[in-house]
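> sequence first, then the predicted structure:
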Number of protein chains: 2
Amino acid sequence: MTIAHARASPAAMVRSFPLPVPMRRALDLAAAAATAGEVPVGAVVTRHGTIVAEAGNAMRGQADPTAHAEMVAIRDAAYRLGTPRLDECELWVSLEPCAMCASAISLARIARLTFAAEDPKGGGVLHGPRIFTQPTCHHRPEVLSGIGESEASEQLRHFFADRRP
Amino acid sequence: MTIAHARASPAAMVRSFPLPVPMRRALDLAAAAATAGEVPVGAVVTRHGTIVAEAGNAMRGQADPTAHAEMVAIRDAAYRLGTPRLDECELWVSLEPCAMCASAISLARIARLTFAAEDPKGGGVLHGPRIFTQPTCHHRPEVLSGIGESEASEQLRHFFADRRP
């Protein structure tokens, strides 16, 4: 692991090992998305340990049904690097990607996906169509899950609890 | 069907019924994409019978792995209509959408999908993950296929034949 670790507050250190910097950033982007009225999901693309693109969910703000955090971050990374092939990149997301985003990760040839919370209702990696297990999926990234899970789950619980009548 | 039909040349009329205008346009966008070095796929979004957005594949040109014709057209339609919900819209595509695009169609709540050629290797509607049949798929458009199939298949055959050594 070449990614440095974020310095955690003493209280956070009691609870868990400090998160990798990109996941810490993804969770902060998710929190910012919630403040903007979006479902709290954040995504970060790194290349050789450096952040090259990042985004929060922006479907409402951009009036774009495809503007999931992962899609916006992948598109921006490709734009910044000048290539549609992100085979030297990793994606860090606060929530299990849906089928659209998982397919985009495969199309972009991203090397590794790390996500925090699982999404039994909308996820497309460990749930639903399990995109990377499909015989017609031609690129499967390495997948890690659970890093930052408790904070991501709490963000989502809090967001939807606030919106229930 | 409220969509007018394109006027076909006499030769084309011998072979088949004139195509609906949006599919005729999608096939022309696919041909233009091929000329630009992209895999020939074109997509058109209509609303109440009027074209509101259209695109050809643009992954290479835009250095964007997500720039499939369908995605670009959906994003543009949402931008033009000022909403991420395209529930009064139809999508016309020259090739069966992949899992990414099929998921985006569902997320955008598009009412009807019409595509020309099937894609056994990369499709995500009738093949692979069959996105709209997944229990976790919350919006399923009406799906029509085969309209313009022979021309779309010929475009793809020609494109890939030209690129083989």
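Here it is on my side, so go on.
> every contact and neighbour count from this point should use C-alpha atoms.
Noted.
> who's in contact with the residue nearest the centre of chain A?
When chain A is reduced to its mean C-alpha position, the nearest residue by C-alpha atoms, centre = their mean turns out to be A:Val93, at 1.4 Å. Contact partners of A:Val93, counting by C-alpha atoms under 8 Å, 6 or more residues apart in numbering or on different chains, are A:Met23, A:Ala26, A:Leu27, A:Val41, A:Gly42, A:Ala43, A:Val44, A:Glu70, A:Leu113, A:Thr114, A:Phe115, A:Ala116.
> what does it show for phi and psi?
A:Val93 has phi and psi values of phi -130, psi 150 when expressed as degrees, to the nearest 10.
> just checking, A:Ala99 touches A:Gly124?
Yes - under the criterion of C-alpha atoms under 8 Å, A:Ala99 makes contact with A:Gly124 at 4.2 Å.
> these two: who's more crowded?
The neighbour comparison of A:Ala99 against A:Gly124 (other C-alpha atoms under 10 Å in any protein chain shown) goes to A:Ala99, with 28 against 25.
> could I get the contacts of A:Val93 as TSV with distance to B:Ala58 and secondary structure?
As requested, the contacts of A:Val93 are exported to TSV (distance: C-alpha to C-alpha, whole Å; DSSP: H, G, I helix; E, B strand; the rest coil):
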residue	distance to B:Ala58	secondary structure
A:Met23	31	helix
A:Ala26	28	helix
A:Leu27	32	helix
A:Val41	27	coil
A:Gly42	26	strand
A:Ala43	24	strand
A:Val44	24	strand
A:Glu70	19	helix
A:Leu113	25	strand
A:Thr114	28	strand
A:Phe115	29	strand
A:Ala116	32	strand
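> ok, of those, which come out buried?
A:Met23, A:Ala26, A:Leu27, A:Val41, A:Gly42, A:Ala43, A:Val44, A:Glu70, A:Leu113, A:Thr114, A:Phe115, A:Ala116 (16 or more other C-alpha atoms under 10 Å in any protein chain shown).
> buried set for stretch A:84-97?
Buried residues in stretch A:84-97, counted by 16+ other C-alpha under 10 Å: A:84-87, A:89-97.
> closest to chain B out of these?
Of all the buried residues of stretch A:84-97, A:Pro84 has the smallest distance to chain B: 4.6 Å, by C-alpha to the nearest C-alpha.
> residues contacting the closest one?
A:Ala78, A:Ala108, B:Met59, B:Arg60, B:Ala63, B:Asp64, B:Pro65.
> and the residue of chain A closest to chain B?
At 4.0 Å from chain B, A:Met100 is the closest residue in chain A, using C-alpha to the nearest C-alpha.
> need the contact list for that residue.
Taking C-alpha under 8 Å, 6+ apart as the criterion, A:Met100 is in contact with A:Gly124, B:Ala99, B:Met100, B:Cys101, B:Ala102, B:Ser103, B:Ala104.
> quick one: the fourth one is in a helix?
Pointing back at B:Cys101 there. Yes - secondary structure assignment (DSSP: H, G, I helix; E, B strand; the rest coil) places B:Cys101 inside a helix.
> number of nearby residues for A:Arg130?
A total of 16 residues lie near A:Arg130 under the criterion other C-alpha under 10 Å.
> returning to what we had before: any common contacting residues for A:Ala99 and A:Gly124?
Residues touching both A:Ala99 and A:Gly124 by C-alpha under 8 Å, 6+ apart: A:Arg130, A:Ile131.
> for the host helix or strand of A:Ala32, which residues meet the burial criterion?
Using DSSP states H and E, the secondary-structure element containing A:Ala32 is helix A:21-35. Neighbour-count burial for helix A:21-35 flags A:21-34 (criterion: 16+ other C-alpha under 10 Å).
> what's that helix packed up against?
For helix A:21-35, the elements it packs on are strand A:42-47, strand A:50-56, strand A:89-95, helix A:149-163, judged by 3 or more C-alpha pairs under 8 Å, 6 or more residues apart in numbering or on different chains; DSSP states H and E.
> what about that helix, distance to the chain center?
Taking the mean of its C-alpha atoms, helix A:21-35 sits 9 Å from the chain's own mean (C-alpha atoms, centre = their mean, to the nearest Å).
> just the pLDDT at the spatially closest residue to A:Glu70 that is not a sequence neighbour, thanks.
With C-alpha to C-alpha, 6 or more residues apart in numbering or on different chains as the measure, A:Ala43 is the residue that lies nearest to A:Glu70, at 5.3 Å, once sequence neighbours are left out. At A:Ala43 the predicted local confidence, pLDDT, stands at 98.
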